[in-house]
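Trainee: Please work out how this folds:
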Amino acid sequence: MRRFFVLYLALLFLSLTFANGQKPNPPYPLNFGIWGALKGNFLSTDVKFYYSNGTLARSIPQSRFGAGWGLGGIINIPISKNLVFTGRLGYNSLSQDLNFIDYNYATDSYTTFEDVVNVDLAYLEITPGLLWYPMLQNLEQLYFLGAIEFGSFTTKNISNSYLQVAGEIPNVKSRFSLTLGAGWTFPISSNIYLTPEVSFRLPLTKVSDATFSNSVAYHNETISLSQLRFGLNLTFSIPTTERYPEPYKAPTGEVGFKEIVGLDRDGKLVPVEKIRVEDTRYQEYFPIVPYVFFQENQAVLAPGTQVLSTVVETGEFTPERLPFDALEINRRTLDIVGWRLKNNPRADLTVAGTIDNSRKEKENKNLAMERANFVKNYLVKNWNINPQRINTRAGGFPSKPSTTAVPEGVEENRRAELSSSNPGILAPLLLEGENQRIAEPWQIQFIPYANVYDSIAYWEIDVYQGDNLLKKYNGTGQPQTLFWTIKPNELTSSSVPVDYSLLVETAGGKKYKANGSIPTEYFSQRRKQVEDLPDKTITKFSLVLFDFDKADISPQDQDIINKLIIPAIKYNSTVKIYGYTDRIGDDDYNLKLATRRAEAVKSIIQKARKDVKIETYGVGERQLIFDNDIPTGRHLSRTVQILIVTPK
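Mentor: Numbering: from 1, shown residues only. Down below sits the predicted model:
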């Protein structure tokens, strides 16, 4: 018994020591209160009759089940994310009838008198233990209990109505029992908790062990007590005044960056301390947005949405030579479609012109057809496509429009929609390379502040590596967050740091400047071989054919999942799915929408590849991965990106 007690204390000490070494993030704060329990008592006795020479004559056991009750106090002290120390002090009472055995040594027979013996017990308990919250998904309130009960009997009466005797049970011992159980914590307010709990008490000691003798024989009687408890705990934590973080206030006349954060592979924004650049085999399937956008009430391309080539330039154009940049690729939509039509002479194309449904565009009866013909004329003239292969029509208001509640949505409805019976014409564009420089994190936010007396006439954020300007963002008024998606090969093959700066100029002509630097570490293929670092292949897909404000998978994206994504997943691949949205709408709603889109893609992949673990992350508009000032960038932002990392 002593050994067990010492072992228990040692394990408890080690648990507390280990837990204190963790960063505490407890499920619930320190709380205390009362407990009550109904108990099922398993009272067992064993009477052994011996002859005077020590020979066993007869052993007669019996067990009875009865009810009891208990109440007391409880305190729960969190010690880590998953562990809580619990201490209970209580009073327990039970009363149980037993049979009386009258044994005849001469005939080796006995007579049983039923329910004439009454055992009346009560004891005080002290129970230290641990609660373990495994923090399972949707089961965060579940815990498991492990403890040792220490008890001291205050009432230990026994009576025999057959013999007409009563008194105390002789040789009663201290109680030690092992406690195992489980419970569920219900927070019924910010600081009140109601906890149903079930536990079993396995005795490590007897209630009593007594020997009685006479001139010819003696007998030994032992009593054991096991318990099944159904309890309810009501506990309280100390109320705290909720403190909301104060808005950041930069010193007067000061500019700078509140923080530089990046999106890690788990979809979380974390401070950027270093950028890791690694040579790796990289493949990316870039989506083709099947829309060409136009200016208001005109058949003229919207600024920044398309790059048009001359006839000479189209002869030198090859999609595979485009940069690893989805926005730049979709600025060449017309040339990509022209190149594919030229190389697939049997493929056709349908172009439907649309309008934004405003009064001005409705009155322009030929506008929708003029937009469709703009696309057709470009392909016929610059790519020498047979006009018979291109069907044009006036589509009016888009069948699947963007919202008309905001100017950005109205702008997106001024377009020409492309479709083809040949899926290869608008299929994703695959770009790949053996030694592509991939950054981690690959999405970074520069969050500036400017606290100046005067109004701000101009601000500019610049990001450099050496003399190479990587990103520029400017405007008027308060500086805005710069979202930077690091494209493959954008950073150099060296460990030159990334420098960033903020320039603010007031209306009065005063200038303020702040700058900083992020170290980089470059891992070439040679270095990975010398240092025996693991190598891998990264394959990335983007699905963009989600309707505005919808999470449904389109037939085209369903086809991409089945024909491209699922075959790319190997037995040892890691698959992570990130859901994004544009900036239109509420932040929280967009986060939920992005999560639904990611989960919808996961469910399709998981049906085909049950053997692979797939993780999903809803990012929403927390990280704008493309320029949302243009309609193409907003469409590309409504995406689900699938990242498949396969060790070589």
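Trainee: give me the number of residues near residue 518?
Mentor: 18 (other Cβ atoms under 10 Å). The way it works is simple: take the backbone N, C-alpha and C, and place the C-beta from them, glycine included.
Trainee: pLDDT value on it, please?
Mentor: We have a pLDDT of 94 for residue 518.
Trainee: Can you tell me the closest non-neighbouring residue to it?
Mentor: residue 498 (4.5 Å; Cβ to Cβ, 6 or more residues apart in numbering).
Trainee: Tell me how far the one you found lies from residue 484.
Mentor: From residue 498 over to residue 484 the distance is 9 Å, taken as Cβ to Cβ, to the nearest Å.
Trainee: End to end on stretch 157-165, go ahead and measure it.
Mentor: 11 Å (Cα to Cα, to the nearest Å).
Trainee: Would you mind listing the buried residues in it?
Mentor: residue 158 (16 or more other Cβ atoms under 10 Å).
Trainee: Stretch 194-206 now?
Mentor: Buried residues in stretch 194-206 (16+ other Cβ under 10 Å): 195, 197, 199, 200, 201, 203, 206.
Trainee: ok, now stretch 438-449?
Mentor: The neighbour-count check on stretch 438-449 (16+ other Cβ under 10 Å) flags 438, 439, 441, 442, 443, 444, 445, 446, 448, 449 as buried.
Trainee: For the closest residue in space to the second one that isn't next to it in sequence, which residues are in contact?
Mentor: Yep, that's residue 439 we're talking about. Spatial nearest neighbour of residue 439, excluding adjacent residues (Cβ to Cβ, 6+ apart): residue 486 at 4.1 Å. Counting by Cβ atoms under 8 Å, 6 or more residues apart in numbering, residue 486 touches 275, 439, 441, 442, 443, 444.
Trainee: How about residue 236?
Mentor: Residue 236 touches 31, 32, 33, 191, 192, 193, counting by Cβ under 8 Å, 6+ apart.
Trainee: From the buried residues of stretch 438-449, pick the one nearest residue 131.
Mentor: For the buried residues of stretch 438-449, the closest approach to residue 131 (Cβ to Cβ) belongs to residue 441, at 36.9 Å.
Trainee: Tell me the spacing between the closest residue to the closest one other than its chain neighbours and residue 449.
Mentor: Once flanking residues are discounted, residue 441 sits nearest to residue 262: 3.2 Å by Cβ to Cβ, 6+ apart. According to Cβ to Cβ, residue 262 stands 19 Å off from residue 449.
Trainee: likewise residue 560?
Mentor: In terms of Cβ to Cβ, residue 560 sits 42 Å off from residue 449.
Trainee: Keeping just the C-alphas, turn stretch 462-471 into PDB.
Mentor: The C-alpha trace of stretch 462-471 is given here as PDB (Å, rounded to 0.1, in the frame of the first residue of the first chain):
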ATOM      1  CA  ASP A 462       7.900  49.700 -51.100                       C
ATOM      2  CA  VAL A 463       9.400  46.200 -50.800                       C
ATOM      3  CA  TYR A 464      12.900  45.500 -52.100                       C
ATOM      4  CA  GLN A 465      15.400  42.800 -52.200                       C
ATOM      5  CA  GLY A 466      18.700  44.400 -52.900                       C
ATOM      6  CA  ASP A 467      18.100  46.900 -55.800                       C
ATOM      7  CA  ASN A 468      15.100  44.900 -57.100                       C
ATOM      8  CA  LEU A 469      11.700  46.500 -56.400                       C
ATOM      9  CA  LEU A 470       9.300  43.700 -55.500                       C
ATOM     10  CA  LYS A 471       6.100  45.500 -54.500                       C
END
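Trainee: what does it contact?
Mentor: Residues contacting stretch 462-471 (Cβ under 8 Å, 6+ apart): 446, 461, 472, 482, 484, 490-492, 496-501, 503, 520.
Trainee: buried ones in stretch 27-41?
Mentor: 27, 28, 31, 33, 35, 37, 39, 41.
Trainee: now, which of the residues you listed sits nearest residue 431?
Mentor: Nearest to residue 431 out of the buried residues of stretch 27-41 is residue 27 (Cβ to Cβ; 46.5 Å).
Trainee: In strands, which of the buried residues of stretch 27-41 fall?
Mentor: The strands, defined by DSSP state E, take in 31, 33, 35, 37, 39, 41 from the buried residues of stretch 27-41.
Trainee: Nearest to residue 620 among these?
Mentor: Distances from residue 620 to these, taken by Cβ to Cβ, are shortest for residue 31, at 34.8 Å.
Trainee: tell me the pLDDT at the closest one?
Mentor: Taking residue 31 on its own, its pLDDT is 93.
Trainee: Would you agree it is in contact with residue 237?
Mentor: Yes - the criterion here is Cβ atoms under 8 Å, and residue 31 meets it with residue 237 at 4.2 Å.
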